[in-house]
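> generate coordinates for the sequence data below:
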Amino acid sequence: MYSNNNLWKELQCLLPEKNRISEAIKPKERYIEAEGIEIHIDEYDSNSQTTIVVFHGVGGNGRLMSFCAVPLVEAGYNVICPDLPGYGFTKYRRGITYDDWIKVGNKIVENQLSKGKNVFIFGLSAGGMLAYNVACNHDSLKGLIFTNVLDNREEEVRLYSAKNKFQAAHGLRLLSMLPQFMRTIKVPIKMVTNMEAIVNNNEMLELLLKDKHGAGSSVSLNFLLSMMNSTPIVEPEDFNKVPVLMVHPGNDLWTPIRISELFFDKIAAPKSKVILENAGHFPIEEPGLTQMENAIKDFLRKYI
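Next comes the predicted model:
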């Protein structure tokens, strides 16, 4: 549990004070079960009728999402930040695939909808496409928000996602040739992705890469294959379920804006885009951070 972990507290010190967990705004840790997986959740309950479910990406965890949760809670909303399987303190006893991420996301959203809440989904990094896929399964959502939306079928997306050009060009084919038993092998996530570009702050990067519950963790080859081979549940041209907001970092060194636009521009639903000035992939820099907070709050007010 994060209550017994200190690394996240060191990371908090590098955030603007307004985005830090405090005695006034702090999450409760709890577990829910889905598909035999014990999902760890950071829950910020403001007794609101509106809940935002926040999905982290590869190399993240729910506690890292506190930087965007805190200002939303302060504005009067409930926020839920799960640890997706493979990260944080979520527990599982079998092999995990990308489908399990979608199932976990569905379970959390269904739980909130069953309470009669207005539910929005917010995905960061690879959590953006996860949020999109979860939104495809639910007609009662109020809106979809993401920083990035990466379609791994696109060669240019794979080029930026991978550790290097060789892995981008040949990695998927080579991994697909491995026998099934070898795909259970876990490798450090920083060996197969461009994790050094997860944040533009070198001091924070150093801490993140030490985090065994996040960017310093390992991932199974089978999970990587399932993610890279996944296809959207609904093609963007046919997606018209909920309004969409993209708040894309303007100085994203991992996935430039045009990489997300390959998919975003095709979405048929009502959509808007805000470019976060000076913000990196993990968008903690100003003025982009405040621009993101304001854009999300405006979006929530518009569609509640």
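> contacts and neighbour counts: CA atoms only from here.
OK.
> hmm, who's touching stretch 272-288?
Stretch 272-288 has contacts (C-alpha atoms under 8 Å, 6 or more residues apart in numbering) with 15-16, 67, 125, 197-200, 244-255, 289, 291-292, 295.
> take those and keep only those in helices.
Using DSSP state H, the members of the contacts of stretch 272-288 that fall within helices are 67, 289, 291-292, 295.
> Throw those residues into CSV and include pLDDT, thanks.
Formatted as CSV, the ones in helices among the contacts of stretch 272-288 follow (pLDDT from 0 to 100):
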residue, pLDDT
F67, 96
L289, 97
Q291, 98
M292, 98
A295, 98
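> quick check: K241 touching D139?
Yes: using C-alpha atoms under 8 Å, K241 is in contact with D139, at 6.2 Å.
> ok, back up a step: of all the ones in helices among the contacts of stretch 272-288, which two lie farthest apart?
Spatial extent of these (C-alpha to C-alpha) is set by the pair F67 and A295 at 15.3 Å.
> looking at the two, which is more packed in?
Legend: neighbour count by other C-alpha atoms under 10 Å for F67 and A295, higher for F67 (21 against 18).
> just to revisit the earlier point, narrow the contacts of stretch 272-288 to those that are buried.
67, 125, 197-200, 244-255, 289, 291-292, 295 (16 or more other C-alpha atoms under 10 Å).
> ramachandran angles for the residue nearest to M228 when sequence neighbours are not counted?
Distances taken as C-alpha to C-alpha, 6 or more residues apart in numbering put N152 closest to M228, at 5.6 Å, once the chain neighbours are dropped. Note on N152: its backbone torsions stand at phi -70, psi 0 [degrees, to the nearest 10].
> check contacts around N152.
Neighbours of N152 in contact, by C-alpha under 8 Å, 6+ apart: 158, 227-231.
> K241 and D139: which has the busier surroundings?
When neighbours are counted by other C-alpha under 10 Å, K241 and D139 differ, and K241 comes out ahead with 19 against 10.
> SS state for that one?
Classification of K241 using DSSP: H, G, I helix; E, B strand; the rest coil returns coil.
> for it, what are phi and psi?
Dihedral pair for K241: phi -80, psi -50, per degrees, to the nearest 10.
> what pLDDT is listed against it?
Confidence at K241, expressed as pLDDT, is 86.
> distance of the residue lying closest to G127 once chain neighbours are set aside relative to L15?
Leaving aside its sequence neighbours, G127 sits nearest to G57 (C-alpha to C-alpha, 6+ apart; 4.4 Å). For G57, the distance to L15 equals 19 Å [C-alpha to C-alpha, to the nearest Å].
> for G214, the count of nearby residues, please.
Residues within reach of G214, counting by other C-alpha under 10 Å, total 25.
> wait, doesn't it sit right on L208?
Yes: using C-alpha under 8 Å, G214 is in contact with L208, at 7.0 Å.
> then stretch 83-103 to PDB, C-alphas only?
Once non-C-alpha atoms are left out, stretch 83-103 reads as follows in PDB (Å, rounded to 0.1, in the frame of the first residue of the first chain):
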ATOM      1  CA  ASP A  83      -3.500   0.900 -10.400                       C
ATOM      2  CA  LEU A  84      -3.800  -1.000 -13.700                       C
ATOM      3  CA  PRO A  85      -2.600  -4.700 -13.600                       C
ATOM      4  CA  GLY A  86       1.200  -4.800 -13.600                       C
ATOM      5  CA  TYR A  87       1.600  -1.500 -11.700                       C
ATOM      6  CA  GLY A  88       1.200  -0.100  -8.200                       C
ATOM      7  CA  PHE A  89      -0.400  -2.400  -5.700                       C
ATOM      8  CA  THR A  90      -2.900  -4.200  -7.800                       C
ATOM      9  CA  LYS A  91      -2.700  -8.000  -7.200                       C
ATOM     10  CA  TYR A  92      -3.000 -10.800  -9.700                       C
ATOM     11  CA  ARG A  93      -2.100 -14.500  -9.900                       C
ATOM     12  CA  ARG A  94      -2.100 -15.200 -13.700                       C
ATOM     13  CA  GLY A  95      -0.700 -13.700 -16.900                       C
ATOM     14  CA  ILE A  96      -2.000 -10.300 -17.800                       C
ATOM     15  CA  THR A  97      -2.900  -9.000 -21.200                       C
ATOM     16  CA  TYR A  98      -4.200  -5.700 -22.500                       C
ATOM     17  CA  ASP A  99      -7.700  -7.100 -22.500                       C
ATOM     18  CA  ASP A 100      -7.400  -7.200 -18.700                       C
ATOM     19  CA  TRP A 101      -6.700  -3.500 -18.600                       C
ATOM     20  CA  ILE A 102     -10.000  -2.900 -20.500                       C
ATOM     21  CA  LYS A 103     -11.900  -5.300 -18.300                       C
END
